[in-house]
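K.L.:
Below are the sequence and a predicted model for it; my questions follow.
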Amino acid sequence: MTLAGRISFQLFNSFWPEVASDPTSEKWTPEQRELSQAGTGVPTIVVSDTLAGNWPDVHIIRRADAHQQIAKLKRQPGKDILMTGSRTLWNDLLAHDLVDEIHLMIGNIVLGEGVPVFVGKPDVTLRLIDIRRWEDSDNVLLRYEVRHKSM
């Protein structure tokens, strides 16, 4: 299952369905084709007070219900809940003890100023549990366990 805020959902929804509908096109990299197929048919929850519409496998929950609904999902057996993007939402979930791991992708481009990943100072520490590097890539994926300071 994937989880997204409205803005991230709209950005992803404007790109990935086109890749998935024509996966053999030369426009797409092999990685883009693979990701688009992996995401096809995966249930998605979008947290938004303003988004309206009807998409297959997409359920919209309102912000006021988000903590309760996401906590309920986490208690259910099954696979992980993945959230990509949605900085405002993950900071909120992090503050409410609803994040178990953070995966940070670091690339080789220095952007300088921009939007911070974390807002304020979350009451957590991170413990590095895995590093992944791809052959022929300068990207690394750092995987952290989230430990709340009360632990």
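P.N.:
That came in fine, so what should we check first?

K.L.:
Please identify the buried residues of the helix or strand of the chain with the lowest mean pLDDT?
P.N.:
Counting by mean pLDDT, DSSP states H and E, the weakest-scoring helix or strand in the chain turns out to be helix 30-39, with a mean of 77. Across helix 30-39, burial judged by 16 or more other Cβ atoms under 10 Å covers 32-33, 36, 39. (C-beta placed from N, C-alpha, C; glycine too.)

K.L.:
Kindly report the same for stretch 1-10.
P.N.:
1-6, 8-9.

K.L.:
tell me the domain boundaries of the protein?
P.N.:
Residue ranges for the structural domains of the chain, counted by automatic domain parsing, are given in the record as 1-99, 100-151.

K.L.:
Pick the most deeply packed of those.
P.N.:
Here the criterion is mean neighbour count by mean count of other Cβ atoms under 10 Å, and of the domains of the chain the winner is domain 1-99, at a mean of 15.

K.L.:
just to revisit the earlier point, what helices and strands are in contact with the least confident helix or strand of the chain?
P.N.:
helix 16-21 (3 or more Cβ pairs under 8 Å, 6 or more residues apart in numbering; DSSP states H and E).
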